[in-house]
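A.B. asks: Any chance you could fold what I've pasted below:
(2 chains)
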Amino acid sequence: EDKVVQSPLSLVVHEGDTVTLNCSYEVTNFRSLLWYKQEKKAPTFLFMLTSSGIEKKSGRLSSILDKKELFSILNITATQTGDSAVYLCAVERYNAGNMLTFGGGTRLMVKP
Amino acid sequence: ETGVTQTPRHLVMGMTNKKSLKCEQHLGHNAMYWYKQSAKKPLELMFVYSLEERVENNSVPSRFSPECPNSSHLFLHLHTLQPEDSALYLCASSQEEAGPQHFGDGTRLSIL
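C.D. replies: Numbering: from 1, shown residues only, chains lettered A, B, ... in the order given. The predicted model follows:
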């Protein structure tokens, strides 16, 4: 059975801090790993990672995948209160109809 | 216009009622999904429709019945639900076999 574990479960930081969120996985026929941000409503897509060692970047957010050690990290630099959300990690298998297995999420709170 | 629209936003129903959740996507995707998000649990995949055919139902109880009349619309018919079915129900869509899933804002369902 596919397994996705995120850590920490929750995190409280102050504006300007840098945070690192972790996602480890066990999945057969791994295809990709995705990061989403969920505030009060719809999870919004952040990154899709398929290859090891290639950093994906979008503004203050970046992510990298290690397919040998089976984990990914999501970094947020110079955090802002608008970064407060639950960050979800999900993995996708080949031959599984694009179905995703999600982790439990990391709840990030950024204080002013 | 949001890419994936769900209605209603909130629904309160008794255990003997019958209701339906609706999802519509405007992204030209050909795969649609229903997820259940309960407090303190990871997002759980309920149903997948790819090219309007159901791919997997993940052993969801029969009191949940999906319907996908075309690639843009997805319904979840509910009957004789239990209190533990209270949750946020999220719809998503994607291009089959490629690309991330895009989520709607969800329907918050409460069973009395």
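
A.B. asks: Which elements pack onto the helix or strand where A:Leu34 lies?
C.D. replies: If you go by DSSP states H and E, A:Leu34 is part of strand A:30-38. Counting contacts by 3 or more CB pairs under 8 Å, 6 or more residues apart in numbering or on different chains; DSSP states H and E, strand A:30-38 packs against strand A:19-26, strand A:43-49, strand A:71-76, strand A:85-93, strand B:98-103. Placement of C-beta: from N, CA and C, glycine included.

A.B. asks: Can you say which of these is nearest to B:Ser38?
C.D. replies: strand A:85-93 (13.5 Å; CB to CB).

A.B. asks: What is the least confident helix or strand in the chain?
C.D. replies: No chain specified, so I'll use chain A. strand A:100-102 (a mean of 92; mean pLDDT, DSSP states H and E).

A.B. asks: hm, I was asking about chain B
C.D. replies: Here the helix or strand of chain B ranked lowest by mean pLDDT, DSSP H and E is strand B:53-56, holding a mean of 80.

A.B. asks: CA-only coordinates of the helix or strand just after it, as CSV, when you get a sec.
C.D. replies: Moving toward the C-terminus from strand B:53-56, the next helix or strand (DSSP H and E) is strand B:64-70. Only the C-alpha atoms of strand B:64-70 are listed here, as CSV (Å, rounded to 0.1, in the frame of the first residue of the first chain):
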residue,chain,number,x,y,z
PHE,B,64,-22.3,7.2,-2.2
SER,B,65,-23.1,6.9,-5.9
PRO,B,66,-21.1,8.8,-8.5
GLU,B,67,-22.3,9.8,-12.0
CYS,B,68,-20.3,11.3,-14.8
PRO,B,69,-22.6,12.3,-17.7
ASN,B,70,-19.8,14.0,-19.7
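
A.B. asks: I'd like the mean pLDDT over strand B:64-70, please.
C.D. replies: What strand B:64-70 shows for mean pLDDT is 94.

A.B. asks: just stretch A:49-57 next, same as before
C.D. replies: 92.

A.B. asks: Any part of it near chain B?
C.D. replies: No - figure legend: stretch A:49-57 not in contact with chain B (CB under 8 Å from any CB of the partner chain); closest approach 10.9 Å.

A.B. asks: Mind listing the strands the least confident helix or strand of chain B pairs with, and their directions?
C.D. replies: strand B:44-50 (antiparallel) (DSSP bridges).

A.B. asks: how about A:Gly16, what does it touch?
C.D. replies: Residues touching A:Gly16, when contacts are defined by CB atoms under 8 Å, 6 or more residues apart in numbering or on different chains, comprise A:Ala78, A:Thr79.
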